[in-house]
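1. A structural model of the following input is requested.
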Amino acid sequence: MKISKTKIAASILTVFSAMTIAQGALAVDMTRDNASPVGDNQNSETAGPRGPVLLQDSHLIEKLQRFDRERIPERVVHARGTGIYGEFVSSGDLSALTSAQVFKSGAKTPVFVRFSTVMGYRGSPEQARDPRGFAIKFYTQQGNWDMVGINHPVFFIRDAIKFPDFVHANKPSPVTGVQDPNNAFDFFSHTPEATNMLTRLYSDVGMPDSYRHMDGYAVHAFKFVNAKGDVNYVKFHWKSDQGLASIHGKDIPQSIGADWNLMSNDLYNAVKAHDYPKWDLYVQVMTPQDLDKYDFDPLDDTKVWPTTIPERKVGTMTLNRIPDNYFESTEESAFAPSRLVPGIEPSEDRMLQGRLFSYADTQMYRLGANYNQLPINRPLTPVSNNNQDGAMNSSGRKGEVNYEPSTVKEISQQAKDKYVQTPLNGSTQQMAIHKTLDFRQAGEFYRTLPEMEKEELISNLSGDLSKVSNDANKYAMLSYFYKADADYGTRLARATHADLARVQSAAAKLNEN
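-> Predicted coordinates:
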């Protein structure tokens with residue numbers, strides 16, 4: 001079904017401006033939720049001047065009921081978030097790679113972006129040693145596309161079956177309610193693939209001084225599929241036009257004390273000053289035939305692709321409008337990597353495969369089965385399917401036929417939007433990937449750092465490692481970093497007052513395959 005540009009523009013105006021209609025209008029009478037007028041919002045109805053409050057005061061009852069229900073379940077991860085509207089403009093025609101209309105030459109697509117910390121609760125300080133969520137909702141002509149990423153090109157784990165454990169270990173202790181490095185490094189000491197991400201997290205780029213001064217990554221490989229059905233694997237990288245800047249580890253406490261909403265205030269103040277932040281989107285492209293060329297698995301999300309695969313600029317995103325209502329935008333926005341459009345499909349990345357289910361499922365838990373009908377999540381193009389009913393449903397579907405197939409054919413299917421065919425072989429299994437190569441890229445990243453940044457990394461990481469009371473876990477972690485780079489591990493051993501010979505002995509027993 002083709003939608004005219006006029007209708008799309010009208011839809012955009014409706015979705016993005018609904019909360020601002022009343023701005024500038026004259027004050028209106030206060031009403032209850034059924035729109036009946038409120039006579040007195042300062043005094044409850046009582047039985048005489050000294051009598052008890054009456055249950056029949058429906059305004060009082062409704063007001064308290066609504067107040068008691070203002071909070072919805074907090075996100076398990078990425079609870080502390082900041083949202084903002086903008087626009088993505090494609091800078092070239094990618095039709096040879098993908099049929100996704102968002103990448104049609106010159107295409108302009110409205111976006112909503114939610115930046116976040118990962119482990120902190122809602123309202124926690126934004127200056128945490130934590131990855132930064134970088135999620136973009138593209139309101140495209142083919143439906144909504146969610147690119148759900150972070151400010152690092154890699155992640156801690158490569159299989160989604162470990163994700164609940166990873167989060168539990170890094171969240172506050174179930175006993176004290178306080179985050180504990182002993183729990184975190186107990187998990188990481190048994191998770192050598194995290195070495196690459198931990199090295200980046202404790203480096204300067206792991207503590208950006210604002211959301212404007214960081215890059216973004218989709219982390220996982222995805223598939224581009226063109227109109228002919230040709231498949232290529234891609235990785236997405238957002239490069240900040242503002243450059244990169246960080247907070248030094250020793251300055252974090254002072255920064256939190258000065259303003260623990262620093263990143264939100266920085267972003268919003270820049271937009272208020274019409275200094276609109278921008279990011280250029282780049283992609284790396286790899287053919288399916290090239291997946292086996294490397295001594296690591298390109299679909300392993302703990303790895304970056306080599307620089308010999310050039311990055312290609314495909315567009316620019318500009319963020320230019322602060323939401324009018326935090327709850328109805330930032331809090332009710334729901335992102336899931338399974339929200340894809342024709343021309344973009346998931347890869348076989350094991351971590352991504354789990355996220356395809358988990359992210360959409362957690363949003364359905366938080367917001368209800370009809371969360372995609374909320375204005376912030378609603379596509380600009382019409383939704384037409386047989387999904388129906390449930391709490392807070394407002395789809396307005398019509399017609400007798402709510403099933404398919406049917407002779408009536410109220411809903412048509414477009415064969416061109418079928419998923420691409422992917423050849424499979426082998427048998428079902430539960431085994432780790434063959435090419436783990438857990439340490440090499442961490443060492444390569446370490447060796448790219450200037451001397452001052454190496455010292456900062458050692459200071460930041462040793463500060464937390466020194467708090468680990470379990471000797472076996474501490475030496476396991478030190479052996480991982482030594483295996484990545486001998487200088488790296490040696491400095492950490494000295495900074496944590498560890499026995500270097502013991503670290504070297506443990507590192508020598510590690511496989512790098």
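2. Tyr419 versus the closest residue in space to Ser99 that isn't next to it in sequence, what's the distance?
-> Counting by C-beta to C-beta, 6 or more residues apart in numbering, Gly343 is the residue found nearest to Ser99 once chain neighbours are left out, at 3.7 Å. Quick note: C-beta positions are derived from backbone N, CA and C, even for glycine. Here Gly343 is placed at a distance of 11 Å from Tyr419 (C-beta to C-beta, to the nearest Å).
3. please identify which of the two sits among more neighbours.
-> Gly343 (24 against 11; other C-beta atoms under 10 Å).
4. contacts only, for that one.
-> Contacts here follow C-beta atoms under 8 Å, 6 or more residues apart in numbering; on that basis Gly343 touches 98-101, 103, 142, 224-226.
5. try it again with 7 Å
-> Applying C-beta atoms under 7 Å, 6 or more residues apart in numbering to Gly343 gives the contacts 98-100, 224-225.
6. kindly report the same for Asn170.
-> Contact analysis of Asn170 by C-beta under 7 Å, 6+ apart lists 119, 184.
7. check the gap between it and Asp361 for me.
-> From Asn170 across to Asp361, the span is 21 Å (C-beta to C-beta).
8. show me the helices in the stretch 301-450 of the chain, by range?
-> For the stretch 301-450 of the chain, the helices defined by DSSP state H, counting those that start in this stretch cover 326, 350-367, 440-448.
9. in TSV: those, plus mean pLDDT.
-> Below are the helices of the stretch 301-450 of the chain laid out as TSV (pLDDT from 0 to 100):
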stretch	mean pLDDT
helix 326	97
helix 350-367	95
helix 440-448	98
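10. would you mind giving those as JSON lines with distance to Thr109 and mean neighbour count added?
-> JSON lines is the format used below for the helices of the stretch 301-450 of the chain (distance: least, C-beta to C-beta, whole Å; neighbours: other C-beta atoms under 10 Å):
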{"stretch": "helix 326", "distance to Thr109": "23", "mean neighbour count": "14"}
{"stretch": "helix 350-367", "distance to Thr109": "21", "mean neighbour count": "18"}
{"stretch": "helix 440-448", "distance to Thr109": "33", "mean neighbour count": "19"}
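11. nearest to Phe481 among those would be which one?
-> helix 440-448 (7.4 Å; C-beta to C-beta).
12. list the buried residues for the following helix or strand past that closest one?
-> Following helix 440-448 in sequence order, the next helix or strand is helix 451-465 (DSSP states H and E). In terms of neighbour count (16 or more other C-beta atoms under 10 Å), helix 451-465 has its buried residues at 454, 456-458, 460-465.
13. for helix 451-465, give me every contacting residue.
-> Residues contacting helix 451-465 (C-beta under 7 Å, 6+ apart): 181, 185, 202-204, 248-249, 446, 449, 474, 477, 491-492, 495-496.
14. only whichever of these are buried, select them in PyMOL.
-> Typed into PyMOL, the line below selects the buried ones among these, using 16+ other C-beta under 10 Å:
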select buried, resi 181+185+202+203+204+249+446+449+474+477+491+492+495+496
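15. residue ranges in the stretch 401-513 of the chain under the pLDDT threshold?
-> Applying pLDDT under 70 to the stretch 401-513 of the chain flags residues 410-416.
16. hmm, 80 instead?
-> For the stretch 401-513 of the chain, applying pLDDT under 80 flags the ranges 408-417, 513.
17. quick one on the thing from earlier: now, the most widely separated pair of the buried residues of helix 451-465?
-> Using C-beta to C-beta, the buried residues of helix 451-465 span at most 16.9 Å, a distance reached by Lys454 and Asp464.
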